[in-house]
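Peer 1: just the structure for this:
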Amino acid sequence: MTIRYLTKEDVLAACLGGSVYASGGGGFYEHGLEMGTAAVTLSPVKLISIDELDEDDLIITQTAIGAPGGTTDWQMLGKDYIRAVELLIEKHPNPEKIKGIMTPQNGKSSSTNGWLAAAALGLAVVDATGDIRAHPTGKMGNMGVANDLSYQTIQAVSGGRWETGRHIELVVEGTAAYTSKILRIASDLSGGFIAAARHPLTAKYIKENAVLGGLSRAINLGYTILKNNTEGAATVVDAIIASTQGEILGKGKVVEKEIVYTDEAFDIGKIVVDTGTDFLYIHVQNEYMAVENDKGERLSTYPDVITLFRSEDAHALSNNEVEVGQEVTLTKIDKHHFPLSSGVTDPTVYPEVEDSLGIELYRYSFGK
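Peer 2: Residues are numbered from 1 along each chain as shown. Predicted coordinates:
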């Protein structure tokens, strides 16, 4: 059934709730507001459940590829999101079967991924996500096709500044694993952040492998934040914790931040918080991927939702917004409190991130 037509209020709620699930990444808040508002202003945007589609109808994923640290000269306009979807549709042998669009993750702007292209091209936004929270690699939101050599995908990107000669449009076909590597390079060459459309998959496949209702979770959490945001920062954090079954890992001051941008369009490094009785080490690859204390004990690991709030106003901090000296509150939502997609539980998507960070992830999360 049609859940509803998305509104300007839903845009704000999606970006606010998405900022919690962003886990330090997930794009840029103002960008999400701009793209979402443009979408619902352009044309009615229908949010539907997967059950409204036939099993063989196709759904594509829209995302932005790159580093959210704000250290590069990137540019993505609304027309880039639309163009990426157009490029994929033009290349697909059965474009008439493409009926819906979804996001691979929630985030500050990624919760509104696909809304503008849906409005412009007459598609529906499907209430599903490839991962409930934001993640650094496309493989983690690919819902099981990341290393499936039998699946031949189409991926398209558009973005970059024309005036600097960095604007790129690109369409690639092949396995998800290798075409994703090409798009990472394109993102870096375009300026570090680029609009993408990818992976036409059947509604049947999405139903079996995605997080159904994942977008609504972010929107509903956003409305919880809006309901409480006049009561003070502590009340907002408490409301988020109560509604998500989350927990506070610690409160304190940021005493160290070492994050570098790589030529694969990743922000990689570490943030250290002094709680007064302990040091908390947050491992970052675009998003917050793990937390340890000064005894070396692992307190949280992806796919847990890990959020760093600015204590003064409960603003969920992206990694680029974190500053030494800030008073912060570090929280987590354990992975047992929300559904996981098949991409998140796939052990083959973890090694490259583990190598980049120099820590184990999969073993801590799934015990294998």
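
Peer 1: report the secondary structure state of the closest residue in space to residue 121 that isn't next to it in sequence.
Peer 2: Nearest residue to residue 121, sequence neighbours excluded (Cβ to Cβ, 6 or more residues apart in numbering): residue 85, at 6.1 Å. C-betas here are computed from N, CA, C, even on glycine. Under the three-state scheme (DSSP: H, G, I helix; E, B strand; the rest coil), residue 85 adopts helix.

Peer 1: give me the neighbour count for residue 85.
Peer 2: For residue 85, the count of nearby residues is 26 (other Cβ atoms under 10 Å).

Peer 1: now it: how far from residue 198?
Peer 2: Going from residue 85 to residue 198 by Cβ to Cβ, to the nearest Å gives 10 Å.

Peer 1: what is in contact with these two at once?
Peer 2: Both residue 85 and residue 198 are in contact with 60, 62, 156, where contact means Cβ atoms under 8 Å, 6 or more residues apart in numbering.

Peer 1: JSON lines please, covering the residues you listed and showing neighbour count and pLDDT.
Peer 2: Formatted as JSON lines, the shared contacts of residue 85 and residue 198 follow (neighbours: other Cβ atoms under 10 Å; pLDDT from 0 to 100):
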{"residue": "60", "neighbour count": "26", "pLDDT": "98"}
{"residue": "62", "neighbour count": "27", "pLDDT": "97"}
{"residue": "156", "neighbour count": "26", "pLDDT": "97"}
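
Peer 1: what is the nearest of the residues you listed to residue 269?
Peer 2: residue 62 (28.0 Å; Cβ to Cβ).

Peer 1: touching, that closest one and residue 103? I think so.
Peer 2: Yes. Under the criterion of Cβ atoms under 8 Å, residue 62 makes contact with residue 103 at 6.5 Å.

Peer 1: what's the overlap in contacts for these two?
Peer 2: Overlap of the contact sets of residue 62 and residue 103 (by Cβ under 8 Å, 6+ apart) consists of 113-114.

Peer 1: residue farthest from the centroid of the chain?
Peer 2: residue 277 (32.6 Å; Cα atoms, centre = their mean).

Peer 1: where does the protein have low pLDDT?
Peer 2: Residue ranges of the chain with pLDDT under 70: 1-3, 67-71, 368.

Peer 1: domains in it, by residue range?
Peer 2: 2-215, 231-366 (automatic domain parsing).

Peer 1: need the winner for burial among these.
Peer 2: domain 2-215 (a mean of 22; mean count of other Cβ atoms under 10 Å).

Peer 1: rewinding a little: can you tell me which of the domains of the chain is nearest to residue 221?
Peer 2: Closest to residue 221 of the domains of the chain, according to Cβ to Cβ: domain 2-215, at 3.5 Å.

Peer 1: which stretches in the stretch 201-350 of the chain count as helices?
Peer 2: Using DSSP state H, counting those that start in this stretch, the helices of the stretch 201-350 of the chain run over residues 203-209, 214-228, 233-244.
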